[in-house]
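predicted model and sequence below, questions to follow.
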Amino acid sequence: MGTDLSPLRDVIARHGLTARKSLGQNFLLDLNLTGRIARAAGPLDGVTVVEVGPGPGGLTRALLAEGAARVVAIERDRRCIAALSELADHYGDGRLEVIEGDALAIDAARHVSGPARIVANLPYNIATPLLVGWLRAEPWPPWYQSMTLMFQREVAERLAAPPGSKTYGRLGVLAQWRCEVRALFDVSPKAFTPPPKVTSTVVQLVPRSSPEPVGDIAALARVTAAAFGQRRKMLRSSLKAAWPQPEALLERAGIAATERAEQVTVAQFCAMARALHELSGPDATARPEPE
């Protein structure tokens, strides 16, 4: 079942689904491309897929067609709910669950059991905070096996950036600390309705079973915020925002005080986080992060 669905453009016209910039919407209508994204997530038999921002359901159709046991589609735009409900009724087997609401406020883990993956063409305006929330999941390893996500290419580059590159920063450290990160393929603006001004990239993140210890995630957040907040300065200066005696912190971590943030590896940031946690204790690392 699923082969006689109405064309997506007809669904959009029937429900008046003009994409809204305020919601970060760019609808993906190329069925070859949605199928490619779904297949990139790996075999979906027996897997529950969480999709955020399904819109009219282009990628949702592909996930169901590729054999996902269930798709939990979280959509904030009430206009899209009717179109997604039609899709759920068409399959009629309970494989598609549509949840209306803000994905930033919904604990997706509560809606899945057993093997789960996240696959989504994320709304641009909430893509990064959503990802950070998933990366900070506790306990770890998390409730999902992998994330196959579409971002603006600029964000994708930051996620996979190695030390020494201009795009290496806090987001890349967090992502690479907890996951294996791989950019899969680019997507032209022409594939979307309306076409965005930027190229997009599909990225896959696979959780590491045993990430480098950091003491606690708040400590890692503080050292990366301080170091990249003044990335051109040496660590002995920039880390004062995280700890008043950065030389002691760096000595404990085994890192030269003259290093700059963009040259520090993920493992070294983890060592700094452990040192901060040991020096200050859990109460201090829980303070608000520096801007």
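Here it is on my side, so go on. Just so it is clear, the structure is predicted and the values come from calculations on it, not from any experiment. Numbers count the residues shown, from 1 in each chain.

please make it C-alpha for all contacts and neighbour counts, starting now.
Noted.

mind listing what's buried along stretch 127-135?
Buried residues in stretch 127-135, counted by 16 or more other C-alpha atoms under 10 Å: 127, 130, 131, 134, 135.

and for residue 192, the neighbour number?
If you count neighbours by other C-alpha atoms under 10 Å, residue 192 ends up with 15.

that one contacts residue 29, correct?
Yes - applying C-alpha atoms under 8 Å, one finds residue 192 in contact with residue 29, separated by 6.5 Å.

closest one of the buried residues of stretch 127-135 to residue 242?
residue 135 (21.7 Å; C-alpha to C-alpha).

please determine how far that closest one is located from residue 179.
8 Å (C-alpha to C-alpha, to the nearest Å).

so how far is the helix or strand hosting residue 224 off the chain centroid?
Here residue 224, judged by DSSP states H and E, is contained in helix 217-229. Distance, stretch centre to chain centre, for helix 217-229: 19 Å (C-alpha atoms, centre = their mean, to the nearest Å).

using PDB, write out every CA atom in it.
Backbone C-alpha positions of helix 217-229 (Å, rounded to 0.1, in the frame of the first residue of the first chain) are rendered in PDB as follows:
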ATOM      1  CA  ILE A 217      28.700  17.800  30.500                       C
ATOM      2  CA  ALA A 218      28.400  21.200  32.200                       C
ATOM      3  CA  ALA A 219      32.200  21.300  32.600                       C
ATOM      4  CA  LEU A 220      32.700  20.600  28.900                       C
ATOM      5  CA  ALA A 221      30.200  23.300  28.100                       C
ATOM      6  CA  ARG A 222      32.000  25.900  30.200                       C
ATOM      7  CA  VAL A 223      35.500  25.200  28.800                       C
ATOM      8  CA  THR A 224      34.400  25.200  25.200                       C
ATOM      9  CA  ALA A 225      32.300  28.400  25.700                       C
ATOM     10  CA  ALA A 226      35.300  30.200  27.300                       C
ATOM     11  CA  ALA A 227      37.800  28.900  24.800                       C
ATOM     12  CA  PHE A 228      35.800  29.600  21.600                       C
ATOM     13  CA  GLY A 229      34.400  32.800  23.000                       C
END
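
packing partners of that helix?
helix 170-178, helix 235-238, helix 266-285 (3 or more C-alpha pairs under 8 Å, 6 or more residues apart in numbering; DSSP states H and E).

leaving out sequence neighbours, find the closest residue to residue 265.
residue 163 (5.9 Å; C-alpha to C-alpha, 6 or more residues apart in numbering).

re the thing from before, how about TSV for the buried residues of stretch 127-135, with distance to residue 107 and pLDDT added?
Shown next, in TSV, are the buried residues of stretch 127-135 (distance: C-alpha to C-alpha, whole Å; pLDDT from 0 to 100):
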residue	distance to residue 107	pLDDT
127	16	94
130	11	97
131	13	98
134	10	98
135	13	98
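
if anything else comes up later, I'll come back, but that's it for now.
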